[in-house]
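Asks: Return a 3D structure for these sequence lines:
(one chain, ligands or ions: 1)
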Amino acid sequence: MRNLTKSDEPEILKQNADIWLDQYLEDKNSSTKKYRYRHKKIKEALKKETGHKCVYCESKIGHNTPGDIEHKIPSSKAVHLHFDWNNMTMACAECNRRKNDYYEDGEAFLDPYIDDVESLLEHHGPIILWRIGQKRAEITVRILELNSFRRSSLICRKMEKIEEVCNLAERLSSEKNRLLKLLLLRQLEQMKDKSSEYSAMVISILKTRGGGCEGTA
Ligand SMILES: [Zn+2]
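Replies: Numbers count the residues shown, from 1 in each chain. A predicted model of the protein is given here:
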């Protein structure tokens with residue numbers, strides 16, 4: 001997970017959120033009224049804000065990893081936040097399914113827009129753990145199973161990323177050509193960017209391995 005900043009509310013939502021909510025509350029069986037938050041412009045704004053990634057596991061939302069708009073506080077617990085911009089983000093289907101309608105006051109999931117999630121979580125290879133004593137971080141990791149073999153396809157993809165970043169870092173440490181060195185460094189910097197897949201893990205690996213990665217993390 002990366003710390004995120006909430007972007008400006010899209011005009012379409014600003015103008016319609018209250019109306020949409022009233023209409024939905026009057027007719028809760030209508031899926032048209034329920035899913036109006038899936039408007040193209042809203043989805044686009046959220047994808048831009050999250051780097052086209054699931055905010056929880058940092059997988060890119062796409063063909064391999066489908067995703068959708070996620071309510072941080074689920075509508076089943078706070079229906080008045082159903083069209084609330086600050087309550088919306090992006091999550092992949094795997095994280096979304098596991099979180100389901102979990103929400104406990106005071107024991108909520110980590111919120112990457114509010115909490116310093118980058119300091120509350122630890123990356124051990126492809127596995128995510130919580131900083132000792134951080135209950136909400138532990139709840140988040142355990143419910144999403146980010147520490148478990150049950151997320152095997154996620155773990156496999158992260159292992160490929162580890163291989164890639166380590167190979168690049170080793171190339172960087174042995175490369176003599178100045179231009180190539182610069183290009184390799186640039187590629188590593190890109191992999192650490194918030195918009196890149198599994199960037200929190202990449203940063204952690206570059207920090208702990210040192211060697212060719214020195215000065216890059
Ligand atoms: Zn996810």
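
Asks: Centre-most residue in this structure?
Replies: With distances taken as CA atoms, centre = their mean, residue 55 lies nearest the centre of the chain, 1.7 Å away.

Asks: Tell me who's in contact with that one.
Replies: 1, 4, 70, 89, 90, 91, 112 (CB atoms under 8 Å, 6 or more residues apart in numbering). For the C-beta atoms, the positions are set from N, CA and C on the backbone; glycine is no exception.

Asks: now the third one: how far from residue 196?
Replies: To residue 196, residue 70 is 20 Å away according to CB to CB, to the nearest Å.

Asks: Same question for residue 186.
Replies: 13 Å.

Asks: And for residue 105?
Replies: Relative to residue 196, and taking CB to CB, residue 105 is found at 34 Å.

Asks: Between those two, which has more neighbouring residues?
Replies: residue 196 (19 against 7; other CB atoms under 10 Å).

Asks: Is the more buried one in contact with residue 203, as I believe?
Replies: No - with contacts counted by CB atoms under 8 Å, residue 196 stays clear of residue 203, the gap being 10.0 Å.

Asks: Give me every residue in this protein lying close to the ion.
Replies: 54, 56, 57, 92, 95 (CB under 5 Å from the ion).

Asks: Could you work out the most separated pair of these?
Replies: Farthest-apart pair in the residues of the chain next to the ion is 56 and 92; separation 7.6 Å (CB to CB).

Asks: and for residue 196 and residue 203, which residues touch both?
Replies: Joint contacts of residue 196 and residue 203 (CB under 8 Å, 6+ apart) do not exist.

Asks: Tell me where the model's unsure across this protein.
Replies: Within the chain, the segments meeting pLDDT under 70 span 210-217.

Asks: Pull the residues that contact the longest helix anywhere in it.
Replies: Longest helix of the chain, by residue count under DSSP state H: helix 152-174. Here helix 152-174 makes contact (CB under 8 Å, 6+ apart) with 57, 59, 94, 125-127, 146, 149, 181, 184-185, 187-188, 191, 197-198, 201-202, 205-206, 209, 211-213, 216.

Asks: In strands only, show me the residues you listed.
Replies: residue 127 (DSSP state E).

Asks: Can I have the buried ones of the contacts of helix 152-174 as a PyMOL selection?
Replies: Only the buried entries of the contacts of helix 152-174 go into this PyMOL selection, using 16 or more other CB atoms under 10 Å:
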select buried, resi 57+59+94+126+127+146+184+185+188+191+197+198+201+202+205+206+209+212+213+216
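
Asks: out of the contacts of helix 152-174, which are inside helices?
Replies: 94, 181, 184, 185, 187, 188, 191, 201, 202, 205, 206, 209.
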